[in-house]
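**Student:** need coordinates for the following:
(one chain, ligands or ions: 1)
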Amino acid sequence: MTSAQTPQNEQDAPVDPTTTNAWEKLLAHDESIEGSLREWFDADPRRAQRFSHDAADLHVDLSKNLVTAETLDLLLQLAEETGVAARRDAMFAGAHINTTEDRAVLHTALRRPEGASPELVVDGQDIDHDVHETLGRIYDFARSVRSGEWTGVTGKKIETVVNIGIGGSDLGPVMVYEALKPYAQEGLEARFISNIDPTDAYETTADLDPETTLVIVASKTFTTLETITNARLVREWLLAGLRENAGLTAEQEKEAVAKHFVAVSTALDKVADFGIDPDNAFGFWNWVGGRYSVDSAIGTVLATVLGPETFEELLAGFHAMDEHFRTAPAEKNVPLLMGLINIWNVNFLEAETHAVLPYSQYLHRFPAYLQQLTMESNGKDVRWDGSTATTDTGEVFWGEPGTNGQHAFYQLIHQGSRIIPADFIAFADPVRPLKDGEQDVHELFLANFFAQTKALAFGKNEEEVRAEGTDGDLVPARMFSGDRPSTSIMAPALTPSVLGQLIALYEHITFVEGTVWGINSFDQWGVELGKQLAKELAPAVAGDESAIDAQDSSTAELIRYYRSHRTV
Ligand code: F6P
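**Tutor:** This is a model prediction of the structure:
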């Protein structure tokens, strides 16, 4: 993809996609498009090759989407008319495209290799220098924990690293840890606490030894209620445990916190207020959005447990996908094409949800991670100039690993009344090459992956159902319409680099969709009202009758129910 334009002024109004020539043509195309996937594949034996592209190590087959070459041409025209390439270049260059917060959006700078050129100086900050200096500090810290040089206050080696964070300060680290578990150092594990439901902190710490536990408090703002509350709970648990088991005295408490607590934040002053030594804090910057931050210092838990080398490979994978997105020609640019096909599915084919179905148990938290990435980014109907969006926006992302999902919700994807576009993800190499007798189990697994996308695309018609010996009323129930769109993403293996590529792929897909819709994908004002009301409701929940009476009747009754039923 090339851009003839210079990076756009961050204040430029978004182009209304419905006013473009491409949109008008897409509407007409939607009305006139003929055929089915079966027919398109029959008519063009090279359809799979023509609609498949490689991006870094990912092989992406778009051929089972409900698109023709003309659809893709028109979608690419839409991208041009809505300025996707120019805005992409503006993002990479550090323009303040996060208009409501007047910030640059530079998560791509977190994975630029050392010495990358041209150098990136934004708002007076030498970005590459600061990124690599912080990475160096994180790696030194990680190495000292891994080697046992860093010990707890009683001199014992660290065995468990507990990351306390929520949203972007949790979902990325958990997802990557689960995906790359085989890379964890023996004798060192990560755990995660996010929910303010106190059972989360309780259950996560229940079987841990405070003497061998290190806590990372991860919060971009360091004001998030859940994280700060959980950090206090765990500090209390740790100090009580050390007092009881190791005879910690009141004078040694400060030292214990220094040896067992580190922090990750953009607000280092607040870290100090919490009592964590600023020397034990790793910073990042307000140009990194929470849901785009797993590759920042938020990944300290990963660098520690999986190792600096693994983290470096992860970053290199992100960067490889960034380079693809930045430089690949539009007609082969995978994030661009996938983002545009999502626009086609949502705005023209009326899809409301989007399934992500990894055929890898290690990716079991990937759909949850993508929910924040995509829905907190594009779940908005206000455009970046304050005007209302002119089209449907956002997609409900959801999913589970195959084959589990096959036995739960795939029924709806195969035979439901709405289309649910699905991304299938699979790897040639198994992480655990196990055999059931002579049967390679990974092959059984992948046979399911191939079978599902085939069944969705081509279905089973009446003739085929009858040929199998079914007749009567059962025939319609056993028919599959086909034409259920899917994208297949394959890679040689689930390595750290490939995982980085996958994450960056979805970051850029999200960007493309947001840009076409005119949405600032980098703020999240929609989460504020609930937080504000939770604070305001605290007195009512604690039993202040006048505060309860001041509520709407539903809220007041629910609080009364709580007050009258709580027994412990
Ligand atoms: O409430 C939403 C949110 O602000 C997310 O965007 C963010 O990832 C999460 O909360 C956690 O925020 P923080 O890292 O500042 O604690």
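**Student:** please count neighbours and contacts with C-alpha atoms only from this point.
**Tutor:** Fine.
**Student:** could you dump the lowest-mean-pLDDT helix or strand in the chain to CSV, C-alpha only?
**Tutor:** Counting by mean pLDDT, DSSP states H and E, the chain has its least confident helix or strand at helix 268-274, which shows a mean of 90. Coordinates of the C-alpha atoms in helix 268-274 are reproduced here as CSV (Å, rounded to 0.1, in the frame of the first residue of the first chain):
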residue,chain,number,x,y,z
LEU,A,268,5.4,6.9,38.3
ASP,A,269,4.4,9.5,40.9
LYS,A,270,1.4,7.4,41.9
VAL,A,271,3.5,4.3,42.1
ALA,A,272,5.7,6.0,44.7
ASP,A,273,2.5,7.1,46.6
PHE,A,274,1.5,3.5,46.8
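**Student:** after that helix, which helix or strand is next?
**Tutor:** strand 281-283 (DSSP states H and E).
**Student:** show me what contacts the residue of the chain most remote from its centre?
**Tutor:** Relative to the C-alpha centroid of the chain, counting by CA atoms, centre = their mean, Gly472 is the outermost residue, at 46.8 Å. For Gly472, the contact set (CA atoms under 8 Å, 6 or more residues apart in numbering) is empty.
**Student:** what's the answer for the one 3 residues further on, then?
**Tutor:** Under the criterion of CA under 8 Å, 6+ apart, the contact partners of Val475 comprise 462, 465-466.
**Student:** which helix or strand contains it?
**Tutor:** helix 474-477.
**Student:** isn't Asp126 up against Leu120?
**Tutor:** Yes. Look at Asp126 against Leu120 with CA atoms under 8 Å: they come within range, at 6.3 Å.
**Student:** if we can go back for a sec, buried residues in the least confident helix or strand of the chain?
**Tutor:** Of the residues in helix 268-274, those with enough neighbours to count as buried (16 or more other CA atoms under 10 Å) are 268, 271.
**Student:** tell me what it is packed against?
**Tutor:** Where contact means 3 or more CA pairs under 8 Å, 6 or more residues apart in numbering; DSSP states H and E, helix 268-274 is packed against strand 281-283.
**Student:** point out the residues in this structure that sit beside the ligand.
**Tutor:** Counting by CA under 6 Å from any ligand atom, the residues of the chain close to the ligand are 166-169, 219-222, 224, 290-291, 527.
**Student:** count of neighbours near the closest residue to Glu24 other than its chain neighbours?
**Tutor:** Distances taken as CA to CA, 6 or more residues apart in numbering place Thr18 nearest to Glu24, at 7.2 Å, with adjacent residues excluded. Using other CA atoms under 10 Å, the number of residues around Thr18 comes to 17.
**Student:** show the contacting residues for Thr18.
**Tutor:** Contacts for Thr18 (CA under 8 Å, 6+ apart) come out as 24, 390-391.
**Student:** turn these into CSV, columns for secondary structure.
**Tutor:** Converted to CSV, those look like this (DSSP: H, G, I helix; E, B strand; the rest coil):
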residue, secondary structure
Glu24, helix
Thr390, coil
Thr391, coil
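**Student:** and the pLDDT for the closest residue to the ligand within the stretch 1-150 of the chain?
**Tutor:** Nearest to the ligand in the stretch 1-150 of the chain, going by CA to the nearest ligand atom, is Glu101, at a distance of 12.9 Å. We have a pLDDT of 96 for Glu101.
**Student:** cool, and Val257?
**Tutor:** Per-residue pLDDT puts Val257 at 95.
**Student:** tell me the contacts of it?
**Tutor:** Contacts of Val257 (CA under 8 Å, 6+ apart): 235, 275-276.
**Student:** from those, which is closest to the ligand?
**Tutor:** Checking these against the ligand by CA to the nearest ligand atom gives Ile276 as the nearest, at 15.9 Å.
**Student:** quickly note the distance from that closest one to Ile228.
**Tutor:** According to CA to CA, to the nearest Å, Ile276 stands 12 Å off from Ile228.
**Student:** ok, these two, which is more surrounded?
**Tutor:** Between Ile276 and Ile228, counted using other CA under 10 Å, the more crowded position is Ile276 (22 against 19).
**Student:** hey, where'd the strands end up in the stretch 451-568 of the chain?
**Tutor:** 486-491 (DSSP state E, counting those that start in this stretch).
**Student:** that one: helices as residue ranges?
**Tutor:** All helices of the stretch 451-568 of the chain, identified by DSSP state H, counting those that start in this stretch, fall at 462-467, 474-477, 496-517, 528-541, 545-549, 553-565.
**Student:** and among those helices, the most buried is which?
**Tutor:** Among those, judged by mean count of other CA atoms under 10 Å, the one packed with the most neighbours on average is helix 496-517 (a mean of 25).
**Student:** part of a helix, is His354?
**Tutor:** No. According to three-state DSSP, the state of His354 is strand, so it is not within a helix.
**Student:** ok, it - how many residues close by?
**Tutor:** Number of residues near His354 (other CA under 10 Å) recorded here: 21.
**Student:** who's in contact with it?
**Tutor:** Contacts of His354 (CA under 8 Å, 6+ apart): 395-398, 420-423.
**Student:** and the buried ones among those residues, selectable in PyMOL?
**Tutor:** Only the buried entries of the contacts of His354 go into this PyMOL selection, using 16+ other CA under 10 Å:
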select buried, resi 395+397+398+420+421+422+423
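**Student:** which of the contacts of Val257 sits closest to His107?
**Tutor:** Taking CA to CA as the measure, His107 sits nearest to Ile276 out of these, at 26.1 Å.
**Student:** picking up where we left off before, the more surrounded of Asp126 and Leu120?
**Tutor:** Neighbour totals were compared for Asp126 and Leu120, and Leu120 leads with 18 against 12 (other CA under 10 Å).
**Student:** can you pull the contacts of Ala104?
**Tutor:** Ala104 touches 91, 94-98, 287, counting by CA under 8 Å, 6+ apart.
**Student:** likewise Ala504?
**Tutor:** By CA under 8 Å, 6+ apart, the neighbours of Ala504 are 318-319, 321-322.
**Student:** just the residues contacting the strand or helix carrying Leu315, thanks.
**Tutor:** Leu315 is part of helix 308-327 when elements are defined by DSSP H and E. Contacting residues not belonging to helix 308-327 are listed as 1-2, 55-56, 88-89, 108, 110-113, 139, 142-143, 183, 295, 302-303, 333-336, 496-505, 508 [CA under 8 Å, 6+ apart].
**Student:** roughly how far apart are Met321 and the ligand?
**Tutor:** The gap separating Met321 from the ligand is 22 Å, by CA to the nearest ligand atom, to the nearest Å.
**Student:** report how many residues lie close to that residue.
**Tutor:** Counted with other CA under 10 Å, residues neighbouring Met321 total 30.
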